[in-house]
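Chemist: okay, sequence plus prediction incoming.
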Amino acid sequence: QVHLEESGGGFLQAGGSLRLSCVASGLYFTLNALGWYRQAPGKQRELVAAISEDGDTNYSDSVKGRFTISRDNTKNTIYLQMNSLKPEDTAVYYCAADVYWDFLTTKPRSWGQGTQVTVSA
């Protein structure tokens, strides 16, 4: 059974930085694409960043240049480095995984429980 556990969320002021981590188990990590989604109150869940098994990355326009996704295959972990945070980045951030890129970027079949990120003005 796939298990994704996020950590690193918190409360901070605009302009600050935060790094989220997601440790994966129960899957062949190197064969999976992984990503970060977020959901703000009253809004749909949206893809923030994704990384393929080969290390190719994709970002939403709203975070390009500010967020960086990376993976450490030795630790079965992905990261989301978030810089220059804005109040509109406030959301629950979810880790996701799928063996297929198209699924990962549209409707992943494995999800973590989420971690809250709150950015004050």
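Modeler: Yep, it's here.

Chemist: run through the residues that contact the residue lying closest to residue 92 once chain neighbours are set aside.
Modeler: With Cβ to Cβ, 6 or more residues apart in numbering as the criterion, residue 92 has its nearest non-adjacent residue at 4.2 Å, and that residue is residue 114. In this view, the C-beta of every residue, glycine as well, is placed from N, C-alpha and C. Shown in contact with residue 114 (Cβ atoms under 8 Å, 6 or more residues apart in numbering): 6, 39, 92-94.

Chemist: now the strands for this protein?
Modeler: In the chain, strands defined by DSSP state E lie at 3-7, 10-13, 18-25, 33-39, 46-51, 57-59, 67-72, 77-82, 91-98, 110-111, 115-120, listed in chain order.

Chemist: thinking again about what came up before, now the phi/psi pair for the residue nearest to residue 92, please.
Modeler: The phi and psi torsions at residue 114 (degrees, to the nearest 10) take the values phi 100, psi 150.

Chemist: check what pLDDT it gets.
Modeler: The confidence metric pLDDT takes the value 97 at residue 114.

Chemist: for it, give its distance to residue 5.
Modeler: 10 Å (Cβ to Cβ, to the nearest Å).

Chemist: what do you get for residue 86?
Modeler: When distance is defined by Cβ to Cβ, residue 86 is 26 Å away from residue 5.

Chemist: next one: residue 72
Modeler: Here the distance between residue 72 and residue 5 works out to 15 Å (Cβ to Cβ).

Chemist: and what of residue 55?
Modeler: As it turns out, when the distance is counted by Cβ to Cβ, residue 55 lies 22 Å from residue 5.

Chemist: and for residue 66?
Modeler: Shown here: residue 66 relative to residue 5, a distance of 24 Å by Cβ to Cβ.

Chemist: and for the worst-scoring helix or strand of the chain on mean pLDDT, what's in contact with it?
Modeler: The least trusted helix or strand in the chain, going by mean pLDDT, DSSP states H and E, turns out to be helix 101-104, with a mean of 94. Under the criterion Cβ under 8 Å, 6+ apart, residues 32-35, 50, 52, 96-98, 109 lie in contact with helix 101-104.
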